[in-house]
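Peer 1: got a structure for you, letters missing:
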């Protein structure tokens, strides 16, 4: 078989139907658009649902909408923990009082940056890189339930 022998499967290529070509034709006069109304006269914009409030406007996508199933974390990088003195216990309350975390609730420590002193870090979640860096500096990472 060669490239010039290839043909599309039977029935996969169909000619475009020409509509609105005379009254006697199968798709003549109104060309299958019915009579009058927006659909007969011009093209409707994408997403138009016939006057019903469109999906894009029904979804509560702006401020104040939180999915109940999703877990939200206040994030902090390992590099920001250098602001605490060596051998200190660093937990969510200490992070909030230092102004490093603003949100209430769960805290996750991420591995961006370098940590220079040994700290005991308590948080609800840690990335693998963060745990490695905290242990390499001589500290411990404790997961809060």
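Peer 2: Thanks, I have the structure now. Just so it is clear, the model here is predicted, and its values are computed rather than measured.
Peer 1: and the residue sitting furthest away from the middle of the chain, helix, strand or coil?
Peer 2: What lies farthest from the middle of the chain is residue 24; by C-alpha atoms, centre = their mean that is 52.8 Å. Here residue 24 takes the coil state, with states given by DSSP: H, G, I helix; E, B strand; the rest coil.
Peer 1: so residue 4 sits in a helix?
Peer 2: Yes: Residue 4 forms part of a helix when assessed by three-state DSSP.
Peer 1: number of nearby residues for residue 76?
Peer 2: Neighbour count of residue 76, defined by other C-beta atoms under 10 Å: 21. Quick note: C-beta positions are derived from backbone N, CA and C, even for glycine.
Peer 1: same question for residue 28.
Peer 2: 13.
Peer 1: that one touches residue 21, doesn't it?
Peer 2: Yes: if you go by C-beta atoms under 8 Å, residue 28 and residue 21 touch, sitting 6.4 Å apart.
Peer 1: and the helices in this structure, which stretches?
Peer 2: All helices of the chain, identified by DSSP state H, fall at 38-41, 55-58, 92-97, 128-136.
Peer 1: can you redo those helices as a markdown table with distance to residue 71 and mean pLDDT?
Peer 2: Below are the helices of the chain laid out as a markdown table (distance: least, C-beta to C-beta, whole Å; pLDDT from 0 to 100):
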| stretch | distance to residue 71 | mean pLDDT |
| --- | --- | --- |
| helix 38-41 | 45 | 85 |
| helix 55-58 | 25 | 83 |
| helix 92-97 | 15 | 92 |
| helix 128-136 | 17 | 95 |
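Peer 1: about what we covered before: let me see the confidence value for the residue farthest from the centre of the chain.
Peer 2: Reading off the confidence values, residue 24 has pLDDT 87.
Peer 1: which residues touch the residue nearest to residue 84 when sequence neighbours are not counted?
Peer 2: Closest residue to residue 84 apart from its sequence neighbours, by C-beta to C-beta, 6 or more residues apart in numbering: residue 90 at 5.3 Å. Shown in contact with residue 90 (C-beta atoms under 8 Å, 6 or more residues apart in numbering): 81, 84, 119, 120, 121, 122.
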